[in-house]
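Engineer: Predicted model and sequence follow; I will ask about them next.
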Amino acid sequence: MISRRKFLKYVPTIILTTKYKSVFANNNNIINYKITAKKSSFSFKENTQTNLSLYNNINPGPLLKAKIGDILRVNFTNNLEEPTSIHWHGIKNLNKMDGVPYLTQDPIQPGESFIYEFPLNHSGTYWYHAHFNSWKQVAKGLYGPLVITNNKENIFDHDLVILADDWRLNKNFEIDEQSFGSLMDWSHAGRIGNWLTINGKKSPQFQIKQNSFIRLRFINASNARVLKFSSSLKNVRIIAVDGISIKPFYQESFTLAPGQRIDISFHSKDLSEVNFFEVTQKKSLKVFQLKTYGSNPNTYNKRFDFNSEYNPPSLVNAKTLKIHMQGGAMGNLASAKINGIEKDFRSLAMEEKKLWAFNREIGSYEKSLLQIKRNEILVIDLWNDTRWPHSMHLHGHHFFVKSKEFKNVNDYLLRDTYLMQAGEKTKLIVVADNPGKWLFHCHMLEHATSGMVAYIEVI
Ligand code: C2O
Ligand code: CU
């Protein structure tokens, strides 16, 4: 915990007044933000109201924006009635700023403040979210986008965050409180909702210039729903995956699992509108629209290529960590150990609310998987031996993975969250160069809380 002395010394420069406004410090490129978590009322539909938990009373939380090389400093206050913490998803962070309660910091108690302060050494699309009872706090809206820019990439006329969330609402358009903690959800796909928002709104419209160059930064903040997007354009160019710029490739549609990000770019040409759809259901759902205005000169020849070339490291001296993932409904987990005691699946479910295991052990934030020396190469050899997909996330590092998530792409991608299909086997290759204790878990948040979580320690 931060000392009282350090806290008193911290004087916020300006008080935040409007939504997306940043507070710039003395020009030593420390980017200051003030974030408060608090119970807030929110309206999903005209003439309806519900109680959410939000950052700065808005959904999504404030867009945090900084440049590569800056220091991000967030003065956070918890005005909720329960403890919380913030995790900076995808950031190669200082371990003590990673926001995992009990593992990297004490939970931030109601009324307490905590200053998150860390350097931003890579650019891209990230997000931040609550990591205390995240299955509930994230479902109630405690998250926001974090965009780290890089001057080389400032060639777009429009650069927009498209943050998607899948909410479960009752018929009064209130958050469905009753179903929180449902074992049915936890043992199946997780908490699947019935109301999809983009930046907190149903089917919003964005204004863009005609003949303009556009970058869209998609983030999936859903607890459990895997989304798939397509558009009225024939193809979109995928330019970054989980924050990392890649050698671009074209896709008609792309999948986005909980926690994942994908950046795309395209030129609006002479079109008057571009529509985006979510296409996992029988009937595709129009999720947002870009509407063009003005008559801009054609700038289509504006080219860009800022792909970073990267290759996985040699595996000659790599360490391997095998993880056999089991559990859930219709699975084959007969029994597993919890705190050293073997229990059958039924008792685990009924007595402990635990349903998922790595190597027949129920995980937690304090369960260690392995210790590895700094700069060693780690291969996480995963087998999803369950009947469900899982969106596997590692804190503090990106990993190389031969992704099967895109059509006709059979290449290594650097991701921090990888969607594994039921039965899939895959290897995540990690250059373990960031010291500390790093959580590895399923980002279907109900799966994580019921056992699909543990940590790796880099010493
Ligand atoms: Cu975005 Cu531990 O998670
Ligand atoms: Cu899962």
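Structural biologist: Sure thing, it's come through. Ligands and ions are numbered 1, 2, ... in the order given.
Engineer: Next to ligand 1 in this structure, residues from the stretch 51-200 of the chain, please.
Structural biologist: The interface of the stretch 51-200 of the chain toward ligand 1, taken as C-beta under 6 Å from any ligand atom, is made up of 87, 89, 129, 131. Every C-beta, even on glycine, is put in place using the N, C-alpha and C of the backbone.
Engineer: and the residue of the stretch 1-150 of the chain nearest ligand 1?
Structural biologist: At 3.6 Å from ligand 1, residue 89 is the closest residue in the stretch 1-150 of the chain, using C-beta to the nearest ligand atom.
Engineer: which residues touch the closest residue to residue 314 other than its chain neighbours?
Structural biologist: Distances taken as C-beta to C-beta, 6 or more residues apart in numbering put residue 377 closest to residue 314, at 7.6 Å, once the chain neighbours are dropped. The contact partners of residue 377, by C-beta atoms under 8 Å, 6 or more residues apart in numbering, come to 313, 314, 315, 317, 318, 319, 429, 430, 431, 432.
Engineer: can you pick the most crowded of these?
Structural biologist: For the contacts of residue 377, neighbours were counted using other C-beta atoms under 10 Å, and residue 430 has the most, 28 neighbours in all.
Engineer: tell me the SS of it?
Structural biologist: Three-state call for residue 430 (DSSP: H, G, I helix; E, B strand; the rest coil): strand.
Engineer: how close does the closest residue to residue 134 other than its chain neighbours sit to ligand 2?
Structural biologist: Nearest non-adjacent residue to residue 134, counting by C-beta to C-beta, 6+ apart: residue 445, 5.1 Å away. Distance check for residue 445 against ligand 2: by C-beta to the ion, to the nearest Å, it reads 9 Å.
Engineer: quick revisit: the residues of the stretch 51-200 of the chain next to ligand 1 in strands, which ones?
Structural biologist: With strands defined by DSSP state E, the entries of these inside them are 87, 89, 129.
Engineer: Residue 128 is in contact with the second one, correct?
Structural biologist: Spelled out, it's residue 89. Yes: shown here, residue 89 and residue 128 form a contact pair, counting by C-beta atoms under 8 Å, at 6.5 Å.
Engineer: and the residue nearest the centre of the chain, what element?
Structural biologist: Centroid check for the chain by C-alpha atoms, centre = their mean gives residue 259 as the closest residue, at 2.9 Å. Taking DSSP states H and E as the definition, one finds residue 259 inside no helix or strand.
Engineer: Touching, it and residue 445? I think so.
Structural biologist: No: counting by C-beta under 8 Å, residue 259 stays clear of residue 445, with 9.2 Å between them.
Engineer: So residue 351, which state does it fall into?
Structural biologist: Strictly by three-state DSSP, residue 351 counts as helix.
Engineer: Ligand 1 versus that one, what's the distance?
Structural biologist: Separation of residue 351 from ligand 1 (C-beta to the nearest ligand atom, to the nearest Å): 26 Å.
Engineer: and the gap between that residue and residue 181?
Structural biologist: Distance of residue 351 to residue 181, given as C-beta to C-beta, to the nearest Å: 15 Å.
Engineer: Paired strands for the helix or strand harbouring residue 249, with orientation please.
Structural biologist: Following DSSP H and E, one finds residue 249 within strand 244-251. As defined by DSSP bridges, the strand partners of strand 244-251 come to strand 236-241 (antiparallel).
Engineer: Name the residues that touch the strand it pairs with?
Structural biologist: Residues from elsewhere that reach strand 236-241 (C-beta under 8 Å, 6+ apart): 124-125, 215, 217, 245-246, 248-252, 254, 260-266, 307, 406, 413-415.
Engineer: Is it possible to mark the buried ones in the residues you listed?
Structural biologist: Buried residues within the contacts of strand 236-241, counting neighbours by 16 or more other C-beta atoms under 10 Å: 124-125, 215, 217, 245-246, 248-249, 251, 254, 260-266, 406, 413-415.
Engineer: gap between stretch 443-450 and the chain center?
Structural biologist: Relative to the centre of its chain, stretch 443-450 is centred 13 Å away, using C-alpha atoms, centre = their mean, to the nearest Å.
Engineer: one step back: just the ones in strands among the residues of the stretch 51-200 of the chain next to ligand 1 now: which is nearest residue 451?
Structural biologist: Within those, the smallest distance to residue 451 is 18.9 Å, found for residue 87 (C-beta to C-beta).
Engineer: one step back: would you mind writing the CA trace of the strand holding residue 249 as CSV?
Structural biologist: Output in CSV follows, covering the C-alpha atoms of strand 244-251 (Å, rounded to 0.1, in the frame of the first residue of the first chain):
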residue,chain,number,x,y,z
ILE,A,244,0.7,-4.9,-31.4
SER,A,245,1.0,-3.7,-35.0
ILE,A,246,1.3,-6.5,-37.4
LYS,A,247,2.0,-7.1,-41.0
PRO,A,248,-1.6,-6.2,-42.2
PHE,A,249,-3.9,-8.8,-43.6
TYR,A,250,-7.4,-8.6,-45.0
GLN,A,251,-10.5,-10.3,-43.6
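Engineer: So for that strand, mean pLDDT?
Structural biologist: Across strand 244-251, the average pLDDT comes to 92.
Engineer: just stretch 227-235 next, same as before
Structural biologist: The model assigns stretch 227-235 a mean pLDDT of 95.
Engineer: so which two of the residues of the stretch 51-200 of the chain next to ligand 1 are the farthest from each other?
Structural biologist: So, these by C-beta to C-beta: farthest apart are 89 and 131, at 9.1 Å.
Engineer: just the helices in the stretch 201-350 of the chain please.
Structural biologist: For the stretch 201-350 of the chain, the helices defined by DSSP state H, counting those that start in this stretch cover 345-347.
Engineer: Near ligand 1, which residues of it? Just list them.
Structural biologist: Within the stretch 201-350 of the chain, the positions adjacent to ligand 1 are residue 259 by C-beta under 6 Å from any ligand atom.
Engineer: Quick one: low-confidence residue ranges for the stretch 201-350 of the chain.
Structural biologist: Counting by pLDDT under 70, the stretch 201-350 of the chain shows low-confidence ranges at 298-308.
Engineer: mind listing the strands for it?
Structural biologist: In the stretch 201-350 of the chain, the strands defined using DSSP state E, counting those that start in this stretch lie at 205-209, 213-220, 227-231, 236-241, 244-251, 253-256, 261-267, 273-278, 285-293, 319-327, 335-338, 341-344.
Engineer: who touches the nearest residue to residue 170 once chain neighbours are set aside in this structure?
Structural biologist: Closest residue in space to residue 170, ignoring its immediate chain neighbours: residue 176 at 4.8 Å, by C-beta to C-beta, 6+ apart. By C-beta under 8 Å, 6+ apart, residue 176 lies in contact with 168, 169, 170.
Engineer: How about residue 156?
Structural biologist: Counting by C-beta under 8 Å, 6+ apart, residue 156 touches 213, 214, 215, 265.
Engineer: Check residue 330 too.
Structural biologist: residue 387.
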